[in-house]
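Colleague: Could you look at this predicted model? Sequence included:
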Amino acid sequence: MSATRTGRKPPRVGDQPLFRRMLIGIVLVIVALLIVAPLVVIGVQAFSKGWAVYRDTIIHPDTLHAIRLTVFAAIVAVPVNTAFGVAAAWSITKFDFWGRRFLLVVIEIPFSVSPIVAGVAYLFVYGLQGVFGPTLDEYGIKILFAIPGIILASMFVTAPFVARELIPLMQAQGRDLEEAATSLGASGWRTFFSVTLPNIKWALLYGVVLCNARVMGEFGAVSVVSGNIRGQTNTLPLHIELLYHDYQAAGAFAAASILALIAVFTIIAKVALERQGAGRVRRPALVANPAEKTS
Amino acid sequence: MKIRLENVVKTFETFRAVRDVSLTIESGELVALLGPSGSGKTTILRMVAGLEYADGGHIYFGDQDATDIPVRDRGVGFVFQHYALFPHMTVAENIAFGMKVSKVKREKVAIEARVVELLRLVRLEGLGDRFPAQISGGQRQRVALARALSVDPKVLLLDEPFGALDANVRHDLRRWLREIHRELGITTIFVTHDQEEALDLADRVVILKDGHIIQQGTAEEVCRNPQSAFVMKFLGDANVLAAEVRDGKAYASGAAIDVSGMADGKAELYARPADLDWSAQGPGIPASITRVLDRPDGRRVLATAETGEQLEFDVEPERALKAGDGGFVTLRRAKVFALG
């Protein structure tokens, strides 16, 4: 047996050298054309008119405002959706109640529905011709074409991210740990912070990172409800489109490079978190990392 | 502490898991709830713990009605089948958890001392710094027991405590649990589907079926005097023969046994493999040997009666029997249960 092991391996199905090379080649070409090339173009175009133009675009008040607005939307939407995601995952996995499966499906809706549908729906609910619009307008509360609308739309789109990361993991972990903690006299909060949270923290962070990336990059839903008012309700993705339509290609690419940079950081964080065991559904219930000691 | 269940009922959606169970467990007693899966034994245990609420009836701890006391305040030690150790805490931290979160405030030094004491009790000295993933299954179960004992529970509840362990470890842990129970004298209830485990370990065995208590008593009582065919079958291998009771005697495939006092009619005769024997001459059940299985402590003979019934019985290792031999199966003793 050892002789065959040192020699050439027998080909498995589809393992002929020609087939293998062709398949890998096709994948590489597609990756280069569809993913790498556009990113390279962003980098090249952003600096096509030189560093000065790039810098001017970035420090232009409208761009800075767009960045601030995007960050602000993330600061509000991400924690809210994180809290929602944890609560939803906890309820669905630790309690039995009527409509549990239905709730599971509802939470997933924002994933399957086009963001623009969400935007239009908000327009209908909060717009001046909409359901709550006139009432809200009477009290001078502006939701559409203002920051609350942007945040609401972002939240709709990113609602499932955290919950979806947590639910499979918490389902796999079962209820034993919480029951054990409670039977030992721990309160609900204590159980959550000392027992549940340490066992889901990497998946939670993973969900937060993905959620954040999506909030910052969201275009469709936000473009409907924001009204694109330069320097007021323009988020970074909307600003990029605006610059592009103004024939400021270099500016658009400069702004886009910031979003691309955020994406790169997201991917680094994602890979780092995946190393810690997050983002994988099948994780054995008994996992201990001797390097990290939580108490 | 004395535990008393009074007409306890539990229904899951449409499934009636526990139907009207009344049971008294004396202070310091070690009781086994034994039954096949779906018999309601785990549900009863979880209701005593407070992990499930009873839909009807009462559970008393001593004189106190504990039915509606939440698990957090009920003061029970619960050991889960799959240990449920906190994977991110060391063994020592696991054991200390209950004392740290307790409403009764304890000094840090006192907690540490108690952890050392419990580690010694479960014979895991020196493993306090390990994580659950770094110790064996049997060790994990002992940590789980130490953790459950750390809060001085009124009652210790174990859900299939050795179910996930291999046979050798299970055997040792059984002895060891018995010793710990003798040492601490704590009222203990454990759930098992393994009749041998229940009979070996418990002061009293409570046999359940379909949410009812079928029979309860010491190992001797339930083994020597099973009151139903179910208990007879559930406690161990049994041969079943169709029988007919006439004038105080049961007749089955050519064998007869005294059953004075039983009404005439159709019945079933149950005999353990050790209750049967083999002889070349009659009287007995005419049969032919189909196979002989050799085991360390004897020979198990498989035979087919002339009536077509399959019989299994044990003989001494010296007996020279082989497949194809014809002869008679004789009856040393048997239980007869009326049909219907």
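Modeller: Everything's here; your move.
Colleague: What is the burial count for the residue in the stretch 101-250 of chain B positioned nearest to chain A?
Modeller: For the stretch 101-250 of chain B and chain A, the shortest gap (CB to the nearest CB) falls at B:Phe131, measuring 3.5 Å. Heads up, the C-betas are built off the backbone N, CA and C, glycines and all. A count of nearby residues for B:Phe131, using other CB atoms under 10 Å in any protein chain shown, gives 21.
Colleague: which SS class is A:Arg101?
Modeller: helix (DSSP: H, G, I helix; E, B strand; the rest coil).
Colleague: ok, and what's touching the longest helix seen in chain B?
Modeller: The longest helix of chain B (DSSP state H) is helix B:167-184. Contacts with helix B:167-184, where a contact means CB atoms under 8 Å, 6 or more residues apart in numbering or on different chains, come from B:30, B:121-123, B:136-138, B:141-142, B:145, B:149, B:158, B:161-162, B:165, B:188, B:197, B:200-201.
Colleague: repeat that for 10 Å
Modeller: Helix B:167-184 has contacts (CB atoms under 10 Å, 6 or more residues apart in numbering or on different chains) with B:28-30, B:79, B:121-123, B:136-139, B:141-142, B:145-146, B:149, B:152, B:156, B:158, B:161-165, B:186-188, B:190, B:194, B:196-197, B:200-203.
Colleague: And the next helix or strand past that helix?
Modeller: strand B:187-192 (DSSP states H and E).
Colleague: Adjacent strands (with direction) for that following strand?
Modeller: strand B:30-34 (parallel), strand B:155-159 (parallel) (DSSP bridges).
Colleague: quick one, the first one and helix B:167-184 angle?
Modeller: Just to be clear, that refers to strand B:30-34. Per axes from the mean of the first three to the mean of the last three CA atoms, to 10 degrees, the angle that strand B:30-34 makes with helix B:167-184 is 140 degrees.
Colleague: Quick check: bridge partners of B:Phe190?
Modeller: B:Phe190 has these beta-bridge partners by DSSP bridges: B:Ala32, B:Leu158.
Colleague: Checking B:Leu241 next. Helix, strand or coil?
Modeller: Classified using three-state DSSP, B:Leu241 is strand.
Colleague: One more: B:Pro317?
Modeller: B:Pro317 - assigned by three-state DSSP - is coil.
Colleague: thought it was touching B:Val301?
Modeller: No: B:Pro317 lies out of contact with B:Val301 (CB atoms under 10 Å); the separation is 11.9 Å.
Colleague: which stretches of the stretch 1-150 of chain B form helices?
Modeller: B:41-49, B:71-74, B:91-101, B:108-121, B:137-149 (DSSP state H, counting those that start in this stretch).
Colleague: Can you say which of those is nearest to A:Tyr139?
Modeller: helix B:71-74 (45.1 Å; CB to CB).
Colleague: Give the buried residues for the closest one.
Modeller: Residues B:71-72, B:74 are the ones in helix B:71-74 that count as buried (16 or more other CB atoms under 10 Å in any protein chain shown).
Colleague: distance between it and the chain's centre?
Modeller: Chain-centre distance of helix B:71-74: 26 Å, with CA atoms, centre = their mean, to the nearest Å.
Colleague: Also stretch A:159-177?
Modeller: On CA atoms, centre = their mean, the centre of stretch A:159-177 falls 17 Å from the chain's centre.
Colleague: can I assume B:Val329 is in contact with B:Leu269?
Modeller: No: between B:Val329 and B:Leu269 there is no contact under CB under 10 Å: 12.0 Å.
Colleague: shared neighbours of those two, which are they?
Modeller: Between them, B:Val329 and B:Leu269 share these contacting residues under CB under 10 Å, 6+ apart: B:239, B:241, B:253, B:255.
Colleague: what's the closest of those to A:Pro160?
Modeller: Distance to A:Pro160, by CB to CB, is smallest for B:Asn239 among these, at 59.9 Å.
Colleague: Okay, and the beta partners of the closest one?
Modeller: Residues in beta-bridge contact with B:Asn239 (DSSP bridges): B:Ala271.
Colleague: give the contact list for it.
Modeller: B:Asn239 sits next to B:252, B:269-273, B:275-276, B:285, B:303, B:305, B:309-313, B:329, B:331, B:334 when contact means CB under 10 Å, 6+ apart.
Colleague: where does the chain have low pLDDT?
Modeller: Picked chain A for this. A:1-14, A:277-295 (pLDDT under 70).
Colleague: Wait, chain B was what I had in mind.
Modeller: Residues of chain B that meet the cut-off, pLDDT under 70, sit at B:340.
Colleague: 50 instead?
Modeller: When the per-residue scores of chain B are filtered using pLDDT under 50, no range remains.
Colleague: gap between the residue of it most remote from its centre and B:Thr330?
Modeller: Of all residues in chain B, B:Gln281 has its C-alpha farthest from the mean position, at 40.3 Å, by CA atoms, centre = their mean. Separation of B:Gln281 from B:Thr330 (CB to CB, to the nearest Å): 10 Å.
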